[in-house]
Structure formats: C-alpha cells, structure tokens
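Undergrad: have a look; sequence and predicted model below, questions after that.
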Amino acid sequence: MQRFARSTKDVGHILTQYRLAQGLSQAELAKRLNLHQTSISRLESGDTNRVLDLVFRILAMLDLEIEFRPRRKSSAQDIIDMFDE
C-alpha cells in the first residue's frame, strides 16, 4: 500500500486505499464524519482546496513528503516514558 504523498492526488489515492481496506464506502465514511459523500469523493480524486495545495507546494520547496501509517495505540506508560526521557 502506498504510504508517501507528494501531491493532493497521492493523498486521495492513499485515503481511498485505507478506506477500502477497512471495508467502508465513501457514503459510510462521510456519514461517520457528518459530511456529504461528495466531499469524500472530491478529496479522494485530488480535487482539494487551496490550503492543501499550498501545503504540498511548501513541502516540495523544502524537499519533504508526508508519510501515512496507522496510528499507534499508546498506553499510559508510553506517555509517561515520553516525558521521562
């Protein structure tokens, strides 16, 4: 599964892959987020707003990219350890 994004289209493709891997339709995801299905469709197709486009232009200028990975399930001890370092 693709994990790195360098454009809004990459973000859309990655989100689609993860949504499908969880067995969700665009409509189901939209309902859970209290959005319209068309909002999910636009995001997944790379049709985004100017702010996200600007973020990717800045990332390109700084030679950076975004990495997607599942969230960690932290325990209370993980948080304590983070501050004890």
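TA: Cool, got the structure.
Undergrad: distance check, Arg57 against Gly12.
TA: Separation of Arg57 from Gly12 (C-beta to C-beta, to the nearest Å): 17 Å. Where you see a C-beta, it was placed from the backbone N, CA and C, and this is true even at glycine.
Undergrad: same check, this time on Asp63
TA: As judged by C-beta to C-beta, Asp63 and Gly12 stand 22 Å apart.
Undergrad: compare those two (neighbour count), which wins?
TA: Counted by other C-beta atoms under 10 Å, Asp63 and Gly12 do not tie: Gly12 has more neighbours, with 20 against 6.
Undergrad: so where's the longest helix in the protein?
TA: Counting residues, the longest helix found in the chain (DSSP state H) is helix 8-21.
Undergrad: mind listing what's buried in that one?
TA: By neighbour count with 16 or more other C-beta atoms under 10 Å, helix 8-21 contains the buried residues 8, 10-16, 19.
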